[in-house]
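# this one's sequence-less:
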């Protein structure tokens, strides 16, 4: 089973930026990273007027756009799948999955925090929190990283979830 | 196995428009239609700057964008999958698959033809051609339909591929 690590934090806490950096860092080390982005309010994808867009717009339940190097699938579903279900149904070629935008999931979590937003933290150890990414030093019950320290956070992910599987 | 019907024809022959009409016609009759669009030269999808776009751009091998009613998956692949492989890997919730842009596949085909383009036909019966969609009456070895007769073409698809499975 591909391990899932969830990046959590309030709006504008920098989740996508951290995920971008972690992808680059883990790729450099030879790992294949998949990502899951949740959007409770739905989303638009594809470009208006393109053939695949027209297929889906006309009512196709699933539209697949295929090329020799990339495949895209847009599928109607009738449920808000949990992360483990998404992993099972849609992801097969990755070593690790980074998830953005899921709350209340049971998977290991890294919380991003910006002190200037004066926010409460979202997660504690009971939420399977494994690290905090902060903009200033803090003391906490889990490892804390500077939010720009993507190498350090990648070390943690590697040690906890990737290297043990390789052994 | 979900039946596949391939809509073939030269550029600007109206393949996407016919597929749109067939989707609407078949949906009205209660069938779930999936589509596959092939693009040999690759494609762009998603909108620049969106979180999912940033994940994929940063190097994720697979990015899943999930919502309660729709899921999109963008996946790197290392081969130009054939239609049957795409059906097996990516499509599960449909009664019929309409494919656009595949040449030389073994599946049943409907060829679109515009007489004003003075083109040669692409397919004969040896290509598993099951119908022609023409802009003027022609005589041919397979059933011919007016290109606007999406109801008639849907009848053919239903009779050949959908109703027998229901019985």
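It's in. Just so we're clear, the structure is a prediction, and the values are computed from it rather than from any experiment. Numbering: from 1, shown residues only, chains lettered A, B, ... in the order given.
# what are the contacting residues of the helix-or-strand element of chain A with minimal mean pLDDT?
Scoring the helices and strands of chain A by mean pLDDT, DSSP states H and E places helix A:163-166 at the bottom, with a mean of 83. For helix A:163-166, the surrounding residues in contact (Cβ atoms under 8 Å, 6 or more residues apart in numbering or on different chains) are A:3, A:95. Every residue, glycine included, has its C-beta placed from N, CA and C.
# OK, contacts around the residue of chain A positioned farthest from its centre?
Distance to the chain centre peaks in chain A at residue A:58, reaching 30.8 Å (criterion: Cα atoms, centre = their mean). Taking Cβ under 8 Å, 6+ apart as the criterion, residue A:58 is in contact with B:19, B:20, B:21, B:23, B:24.
# from these, which is closest to residue A:112?
Residue A:112 lies nearest to residue B:23 out of the contacts of residue A:58, by Cβ to Cβ, at 42.3 Å.
# quick check, the closest one in contact with residue A:57.
No - if you go by Cβ atoms under 8 Å, residue B:23 and residue A:57 don't touch, sitting 9.3 Å apart.
# mean confidence for stretch A:32-49?
Averaging pLDDT along stretch A:32-49 yields 90.
# list the buried residues of it.
A:32, A:33, A:34, A:35, A:36, A:37, A:38, A:39, A:43, A:45, A:46 (16 or more other Cβ atoms under 10 Å in any protein chain shown).
# any chance of those residues in a markdown table, plus distance to residue B:97?
Shown next, in a markdown table, are those (distance: Cβ to Cβ, whole Å):
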| residue | distance to residue B:97 |
| --- | --- |
| A:32 | 29 |
| A:33 | 31 |
| A:34 | 26 |
| A:35 | 28 |
| A:36 | 26 |
| A:37 | 27 |
| A:38 | 28 |
| A:39 | 27 |
| A:43 | 24 |
| A:45 | 20 |
| A:46 | 18 |
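# just the buried members of the contacts of residue A:58?
Buried members of those, scored by 16+ other Cβ under 10 Å, are B:19, B:20, B:21, B:23.
# can you tell me the helix or strand for residue A:65?
Assigned by DSSP states H and E, residue A:65 belongs to strand A:62-66.
# near chain B, anything from that strand?
Yes - contact of strand A:62-66 with chain B (Cβ under 8 Å from any Cβ of the partner chain) involves A:62, A:63, A:64, A:65, A:66.
# parallel or antiparallel, which strands does that strand pair with?
Sheet pairing of strand A:62-66 (DSSP bridges) gives strand A:70-76 (antiparallel), strand B:33-38 (parallel).
# now those strands as TSV including distance to residue B:138?
What follows is these, written out as TSV (distance: least, Cβ to Cβ, whole Å):
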stretch	distance to residue B:138
strand A:70-76	36
strand B:33-38	27
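# the residue nearest the centre of chain A bridge partners, please.
Centroid-nearest residue in chain A: residue A:99, 2.0 Å away (criterion: Cα atoms, centre = their mean). Note on residue A:99: beta-bridge partners by DSSP bridges are residue A:6, residue A:36.
# circling back: which ones among the contacts of residue A:58 come in contact with chain A?
The subset of those within reach of chain A, by Cβ under 8 Å from any Cβ, is B:19, B:20, B:21, B:23, B:24.
# stretch A:44-63 spans what distance, first to last residue?
Stretch A:44-63 has an end-to-end distance of 14 Å (Cα to Cα, to the nearest Å).
# just the helices in chain A please.
With DSSP state H as the criterion, chain A has helices at A:15-28, A:51-58, A:83-90, A:150-157, A:163-166.
# now for those, which one comes closest to residue A:130?
Closest to residue A:130 of the helices of chain A, according to Cβ to Cβ: helix A:150-157, at 7.1 Å.
# relative to strand A:33-38, how tilted is that closest one?
Interaxial angle, helix A:150-157 versus strand A:33-38 (axes from the mean of the first three to the mean of the last three Cα atoms, to 10 degrees): 90 degrees.
# rewinding a little: now for the residues of strand A:62-66 next to chain B, which pair is the farthest apart?
In these, the most distant members under the criterion Cβ to Cβ are A:62 and A:66, with 12.3 Å between them.
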